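Enquirer: fold the following for me, if possible:
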Amino acid sequence: MGDPKEAGAEGPPAGAAARGGLSLLSQGESEEPSAQGSALFLGGNEVKSRAVVKYSSAPPRTAFARLEEKTDLKLPPANWLRESAKLGPAGTTILGNSKKSKPFSSFGMAYDFIDSVGNDVDVVSDSENIKKLLKIPYSKSHVSMAVHRIGRTLLLDELDIQELFMRSSQTGDWTWLKEFYQRLIDQKWQRKKKSKEHWYQKAILSKFLYYSINGDGAAQPVSSTAEQQESSSSDQTNDSEGASWPAPFEMPSSVSEDPSASSQGSEPLEPSYIVGHVASAPKEQNLTTLFNDGEHSQGLKNDFVRNILWTFEDIHMLVGSNMPIFGGGRYPAVSLRLRDNNKPINVLTGIDYWLDNLICNVPELVMCFHVNGIVQKYEMIKTEEIPNLENSNFSTKVIKDIAQNILSFLKSNCTKEGHTYWLFKASGSDIVKLYDLTTLCEETEDKYQNPFTMPVAILLYKVACNMMMKKNQNKKHYGTIRTLLLNCLKLLDKSRHPQIIASANYMLSELFQLDEPKKEENSESPLNENSDESYSEEEEEMPDSDENGSYSTSSDPSDDSKAVAIIKSVGELSVPEKYKSIHQIRPSCAFPVCHDTEERCRLVLSYVLEGLKSVDSSMKKESDLPAADPSTPIPLKYEDESTRGGPEGLEKQMALFLDKMGSLQKGNYSSQSGMIPGSWQHKMKLQLILKSSKAYYVLSDAAMSLQKYGRALRYIKLALQSHDTYCCLCTNMLSEVLLFLSQYLTLCGDIQLMLAQNANNRAAHLEEFHYQTKEDQEILHSLHRESSCQGFAWATDLSTDLESQLSVSCKCYEAANEILQFSDLKSQNPEHYVQVLKRMGNIRNEIGVFYMNQAAALQSERVVSKSVSAAEQQLWKKSFSCFEKGIHNFESIEDATNAALLLCNTGRLMRICAQAHCGAGDEFKREFSPEEGLYYNKAIDYYLKALRSLGTRDIHPAVWDSVNWELSTTYFTMATLQQDYAPLSRKAQEQIEKEVSEAMMKSLKYCDVDSMSARQPLCQYRAATIHHRLASMYHSCLRNQVGDEHLRKQHRVLADLHYSKAAKLFQLLKDAPCELLRVQLERVAFAEFQMTSQNSNVGKLKTLSGALDIMVRTEHAFQLIQKELVEEFGQVNEGNDCLWISCVLNYMVNVHSGHIMCVSMGMFYVCVYIYTHVHMYAVC
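Expert: The predicted structure is shown next:
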């Protein structure tokens, strides 16, 4: 409970101390909502009371007319029984001409101040009911009240048993309660009529009040109408009161569609939970339209002159009061009372007056004494002096204890929301019993005989709506909202109230956030932090008191097994903290903790399904299936092959889809069930269908992350079917919904791509795809009432063809991108737009690689062909087109890395095209063709573009190295082909050698041998091979060239340089001993060739020494060969020279067949002999 010492309660304002510290409204000030409050110090015991007027329909206060002595109140004034704003309903109510306190008065206040219900306020009730409760220990009269619990708030209403039983004898309703009452409580029940003295005192009081506002102090002739009313007032006993009690609640046959409904509060309090983007809420949420004035008003209107938020000690109450308050002059705020001077004020009257003044924040009481209707005198009494009046002494501390005990008792035992509890005390009895009427009513055939059922359900619904609108402020209320809605649904009949049921189920589905991850640290129930204060579950309960009627009891309370709780003696209520709470009440239904995404989504779908069933059941239908629309073609079972699969069929379906999206932008409406746009069924079904699509989307995404691609495709199919139905129903497509569709199609594209890449598990995917739960089938049945759900069939079929799956994936991304073009969504959602374009670029790369691999496969199958087939060329074109579009996608979002990868793949495609043109002609007569050169040069251009796209290696080192390697490979391949298959028929030898040299040097440029990476050995091998080939080419040129000595010298220097570099690089490698031996032997041959042109012995000796030194350096290569031979043949006997030499020769011939013959076999044997038998330096 909150601390009552708030602003305005700490001390009285200036000028108020003389009146006991009560804050008053100044003269002429209207009772608008204010924060007037005070702390009272009465009888030495501090009792804290603070009253805040939340609403008042009373006019500004005016002074009362002080009647002259000897004024005869038996004579009616001229204005008697006429409507007066100064008295409000008080004048007629006191006489009994208007309806008495209505049985649903607390509900009327609760509807108007819905923010206070369930959380801030402990009790909502009429002030008369509050007074009856607090007078229980002092009064012998009977108490009969209905108690309802909404959250931590208790609603108290008078339950007139007499009226119920009178109605039961006429209509047959409530017979079960009458039988129960007679069996357990009063076997000889009979209704008592009020005496003539009672009505005489009522009439005297009414005339006194009218005299007090008349001002002339004299009796005046009364109109005939007033005389007739007075004469008949004493006869209005049961009939006038009987009209106040409603029949068991039934929904009016027609509900007004006018959403505007007046509220009596100072603020319009008609909370409507605006679902999704629907402009207005379901009409049943505008609850005041259901309860209009008239025969169907059901007493649910707030008829009090003022509604007051009264804090008594730590108890917060929303109280309705009709007490007239006068002011002006010496008395700014007083209450006016009439007393018989011959009858002293008793305790019950004193408590009554004291509580009225506290509730209404009135500091003084003006008492007018009369004898037989003749005015004698006036007396002014301060509010804090009332407990000390003669014959009316009572302790305010005891009243406080009674209030706290009653509240604790009721909250401890009235624990079930939606249940109607009956607090009953028989006349003259000290025993108070509490019954659960809902449980008793459920034992009958019709539980809706309880007239509180519908008002309670409506209130639960309204409180949940109000909290729902504020859910983003505090998500800890989710558990409370769910409990309210579930209890509301328990009370409602599905056939009678489909609208509220559909809306409640939708709100339940909204409680589960599908787009947010579940926070583990807040996994406990949010409801636990919104429960009431701790209350004990004692065996006793608390009742209210009523002075109308007389009852007797004939049964022992211990024998009453139907009672929920019993207070054995009302005296216990005066004991301080007798019913003090000792533990917190556990909520009956906590918010479920869903750690699993699928579990959360399944709960959402279960609520969506219930909502859809309610909507569908409310619509008139002749059969389960909607009637055919003459303008809509009926979908047949067969399909045209052109629409079944393949790129052509997809193109047609995409065109139809885009046309449909364009029509939705124009607001076309095409429901098959004939729902009226704007009706509650239409609005609610739209939101339920949209929620189902979101839930299926989240399920699909979760299945995707678990690599359950068949299940993921099934869920995204259901999501798209839901969205297709939404599109058919929607009259104005919102940009947010279009964004959802783009996200659905993007995920569908991802799933189709993953299915294409995981074809090995196709059987399992098919089984998951075709499985369907009963819940999914029922939701789909509801969707089929509005649409054929085939709008996205092209995107959700599970094909067994790889090309078809890739094409569908691409079309999904393209459709998602097209949707983003509507309403300029791409600028509003740049992140999603970038993701879609990335996926488009990626899928186009995948398709391009697919076509490229198919072309390579066709090429490998072609044994001998003089021309490239048309199929290969067609595949090249498709592949190139996909790569080109993908590059454009990545460049449009400035994704340099992925653009470089696609450029690299395009270069690879050009190399495949080049290879396809190299197979024509005889192998021995073949030359490097112009087409090969053209495609290799194109490949080089694309690789260079890729490098320019990346800019520097720092952007993405791995991609940079990969592109460099491919570029180096292209140069190397082209140079090798030109060297091996020289086009001598078209070019001169010198030109070919120059082009080969340039290509080899460029290949070396892009071959990084220094960077430490997994590709470094390959780069070293490539560089060594290039140097070897260049050295061999220059060596050959030197042998065959005659004449130009300068050119010969240049070739000799270049050959020696490249041989030296090749040998160094091969020595760094551990798996190329044969290549190293070959280079070294070619160097020896090169030295031998040089020696033949030398004339001096000294020069020849130097050349031979160099050759021997080269052969000595082959020791490392032979060691590697020996190691491999040992691993292959086992230990070789080194003493057997012939066997060792034979093994080496066989190894060399097998590994490099044909190449050894290019080197002098004599030199090879010398090398082997020197290595095995002679010390290297001794030979020298």
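Enquirer: can we go C-alpha only for contacts and neighbour counts from here?
Expert: Fine.
Enquirer: packing partners for the lengthiest helix in the chain?
Expert: For the chain, the helix with the greatest residue count under DSSP state H is helix 830-861. If you count contacts as 3 or more C-alpha pairs under 8 Å, 6 or more residues apart in numbering; DSSP states H and E, helix 830-861 packs onto helix 802-821, helix 870-892, helix 896-916.
Enquirer: if we go to 10 Å?
Expert: Counting contacts by 3 or more C-alpha pairs under 10 Å, 6 or more residues apart in numbering; DSSP states H and E, helix 830-861 is packed against helix 735-757, helix 802-821, helix 825-828, helix 870-892, helix 896-916.
Enquirer: by mean pLDDT, show me the worst of those helices.
Expert: Looking at these, the lowest mean pLDDT belongs to helix 825-828 (a mean of 83).
Enquirer: poorly predicted segments of the stretch 651-800 of the chain, please.
Expert: Confidence mapping of the stretch 651-800 of the chain against pLDDT under 70 gives the ranges 651-670.
Enquirer: tell me where the stretch 651-800 of the chain has helices.
Expert: Per DSSP state H, counting those that start in this stretch, the stretch 651-800 of the chain carries helices over the ranges 680-705, 709-729, 735-757, 762-770, 774-784, 793-796.
Enquirer: could you identify which of those helices is most buried?
Expert: helix 709-729 (a mean of 27; mean count of other C-alpha atoms under 10 Å).
Enquirer: that one - contacts with which helices or strands?
Expert: Looks like helix 709-729 contacts helix 646-665, helix 680-705, helix 735-757, helix 762-770, helix 774-784, helix 793-796 (3+ C-alpha pairs under 10 Å, 6+ apart).
Enquirer: pLDDT-wise, which helix or strand of the protein ranks last?
Expert: Averaged element by element with mean pLDDT, DSSP states H and E, the chain has its least confident helix or strand at helix 1176-1179 (a mean of 35).
Enquirer: nearest to Gln687, of the helices and strands packed on helix 830-861?
Expert: Between Gln687 and those, the shortest separation by C-alpha to C-alpha is 10.9 Å, and it involves helix 735-757.
Enquirer: that closest one vs helix 680-705, what angle?
Expert: 30 degrees (axes from the mean of the first three to the mean of the last three C-alpha atoms, to 10 degrees).
Enquirer: elements contacting helix 735-757?
Expert: Packed against helix 735-757 by the contact rule (3+ C-alpha pairs under 10 Å, 6+ apart) you find helix 680-705, helix 709-729, helix 762-770, helix 793-796, helix 802-821, helix 825-828, helix 830-861.
Enquirer: just the CA trace of it, in PDB.
Expert: Output of helix 735-757 as PDB, limited to C-alpha atoms (Å, rounded to 0.1, in the frame of the first residue of the first chain):
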ATOM      1  CA  SER A 735       4.100  -0.200 -46.000                       C
ATOM      2  CA  GLU A 736       4.900  -2.200 -42.900                       C
ATOM      3  CA  VAL A 737       2.900  -5.200 -44.300                       C
ATOM      4  CA  LEU A 738       4.700  -4.900 -47.600                       C
ATOM      5  CA  LEU A 739       8.000  -5.000 -45.700                       C
ATOM      6  CA  PHE A 740       6.900  -8.200 -44.000                       C
ATOM      7  CA  LEU A 741       6.200  -9.700 -47.400                       C
ATOM      8  CA  SER A 742       9.600  -8.700 -48.600                       C
ATOM      9  CA  GLN A 743      11.100 -10.400 -45.500                       C
ATOM     10  CA  TYR A 744       9.100 -13.600 -46.100                       C
ATOM     11  CA  LEU A 745      10.200 -13.800 -49.700                       C
ATOM     12  CA  THR A 746      13.800 -13.200 -48.700                       C
ATOM     13  CA  LEU A 747      13.700 -16.100 -46.200                       C
ATOM     14  CA  CYS A 748      11.900 -18.300 -48.800                       C
ATOM     15  CA  GLY A 749      14.800 -17.600 -51.200                       C
ATOM     16  CA  ASP A 750      17.300 -18.600 -48.500                       C
ATOM     17  CA  ILE A 751      15.500 -21.900 -47.900                       C
ATOM     18  CA  GLN A 752      15.300 -22.700 -51.600                       C
ATOM     19  CA  LEU A 753      19.000 -22.000 -51.900                       C
ATOM     20  CA  MET A 754      19.900 -24.200 -48.900                       C
ATOM     21  CA  LEU A 755      17.700 -27.000 -50.300                       C
ATOM     22  CA  ALA A 756      19.600 -26.800 -53.600                       C
ATOM     23  CA  GLN A 757      22.900 -27.000 -51.800                       C
END
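Enquirer: tell me the angle of it relative to helix 762-770?
Expert: 150 degrees.
Enquirer: quick one, strands of the stretch 301-450 of the chain?
Expert: For the stretch 301-450 of the chain, strands defined by DSSP state E, counting those that start in this stretch occupy the ranges 306-312, 315-321, 334-340, 364-371, 374-382, 421-425, 432-436.
Enquirer: only C-alpha atoms, please: export the second one in CSV.
Expert: Yep, that's strand 315-321 we're talking about. Taking Å, rounded to 0.1, in the frame of the first residue of the first chain, the C-alpha atoms of strand 315-321 are listed here in CSV:
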residue,chain,number,x,y,z
ILE,A,315,-6.3,1.4,1.9
HIS,A,316,-7.0,3.0,-1.5
MET,A,317,-10.7,3.1,-2.5
LEU,A,318,-12.6,4.4,-5.5
VAL,A,319,-15.9,5.5,-3.9
GLY,A,320,-19.1,6.8,-5.5
SER,A,321,-21.1,9.3,-3.4
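Enquirer: pLDDT averaged over the longest helix of the chain, what's the number?
Expert: 92.
Enquirer: compare the helices and strands packed on helix 709-729 and report which one is nearest to Ala1014.
Expert: That would be, of the helices and strands packed on helix 709-729 and by C-alpha to C-alpha, helix 735-757, which comes in at 26.7 Å.
Enquirer: between the closest one and helix 709-729, what angle do the directions make?
Expert: Helix 735-757 and helix 709-729 are oriented at 150 degrees to each other (the same axes, to 10 degrees).
Enquirer: find the nearest non-adjacent residue to Ser427, please.
Expert: His142 (4.0 Å; C-alpha to C-alpha, 6 or more residues apart in numbering).
Enquirer: any idea of the pLDDT on the one you found?
Expert: For His142, the predicted pLDDT is 85.
Enquirer: pull stretch 852-860 out as CSV, backbone CA atoms only.
Expert: C-alpha atoms of stretch 852-860 as CSV (Å, rounded to 0.1, in the frame of the first residue of the first chain):
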residue,chain,number,x,y,z
MET,A,852,29.5,-22.6,-65.9
ASN,A,853,30.0,-26.0,-64.4
GLN,A,854,27.5,-27.5,-66.8
ALA,A,855,29.3,-25.9,-69.7
ALA,A,856,32.6,-27.4,-68.4
ALA,A,857,31.0,-30.8,-68.1
LEU,A,858,29.8,-30.6,-71.7
GLN,A,859,33.3,-29.6,-72.7
SER,A,860,34.8,-32.6,-70.9
